[in-house]
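Colleague: compute the structure for the input listed below.
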Amino acid sequence: MWTVISAVIGGLIIGALARLVLPGKQNIGVIMTIVLGILGALIGSWLTYQFGYSNDNGGWKVVPFIVGIIVAAVLIFAYVSITGRRKVAR
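Modeller: Below you'll find the model as predicted:
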């Protein structure tokens, strides 16, 4: 249960930071930001460890976090590019 909650909170933080890094306005909702943030964190951590990153002293791992933000930014950019910029009806 706590793993899911921490994944959602981590995805929200990473997704929000990724949206801050990207220029302009991204027309996506909070749920999609969380989903893409979680995917960015998972893919970023996996990539980091595939390239041989090792943090033997424990604690918070900065490099996978930063790579997760970069991957989430790429995912958000790809999502916005694929879905296009739709105007909201008023």
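Colleague: got the buried residues for the helix or strand hosting Val71?
Modeller: Element membership for Val71 (DSSP states H and E) is helix 62-83. Burial within helix 62-83, assessed by neighbour count using 16 or more other Cβ atoms under 10 Å, is assigned to 64-65, 67-77, 80. Where you see a C-beta, it was placed from the backbone N, CA and C, and this is true even at glycine.
Colleague: make CSV out of those and add distance to Thr48 and pLDDT.
Modeller: Supplementary listing: the buried residues of helix 62-83 in CSV, determined by distance: Cβ to Cβ, whole Å; pLDDT from 0 to 100:
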residue, distance to Thr48, pLDDT
Pro64, 4, 83
Phe65, 9, 84
Val67, 5, 88
Gly68, 8, 87
Ile69, 12, 90
Ile70, 10, 92
Val71, 10, 91
Ala72, 13, 91
Ala73, 15, 91
Val74, 15, 93
Leu75, 16, 92
Ile76, 19, 90
Phe77, 20, 90
Val80, 25, 88
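Colleague: let's see the helix holding Val71 as PDB, backbone CA atoms only.
Modeller: Only the C-alpha atoms of helix 62-83 are listed here, as PDB (Å, rounded to 0.1, in the frame of the first residue of the first chain):
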ATOM      1  CA  VAL A  62      20.200  11.900  -6.800                       C
ATOM      2  CA  VAL A  63      21.400  10.700 -10.200                       C
ATOM      3  CA  PRO A  64      18.300   8.400 -10.800                       C
ATOM      4  CA  PHE A  65      16.100  11.200  -9.700                       C
ATOM      5  CA  ILE A  66      17.600  13.700 -12.100                       C
ATOM      6  CA  VAL A  67      17.500  11.200 -15.000                       C
ATOM      7  CA  GLY A  68      13.900  10.500 -14.100                       C
ATOM      8  CA  ILE A  69      13.000  14.100 -14.500                       C
ATOM      9  CA  ILE A  70      14.700  14.200 -17.900                       C
ATOM     10  CA  VAL A  71      12.900  11.100 -19.100                       C
ATOM     11  CA  ALA A  72       9.600  12.400 -17.800                       C
ATOM     12  CA  ALA A  73      10.200  15.700 -19.600                       C
ATOM     13  CA  VAL A  74      10.800  13.700 -22.800                       C
ATOM     14  CA  LEU A  75       7.600  11.700 -22.200                       C
ATOM     15  CA  ILE A  76       5.600  14.800 -21.600                       C
ATOM     16  CA  PHE A  77       7.000  16.500 -24.700                       C
ATOM     17  CA  ALA A  78       6.200  13.400 -26.800                       C
ATOM     18  CA  TYR A  79       2.700  13.200 -25.300                       C
ATOM     19  CA  VAL A  80       1.900  16.800 -26.100                       C
ATOM     20  CA  SER A  81       3.300  16.400 -29.600                       C
ATOM     21  CA  ILE A  82       1.300  13.300 -30.300                       C
ATOM     22  CA  THR A  83      -2.000  14.500 -28.900                       C
END
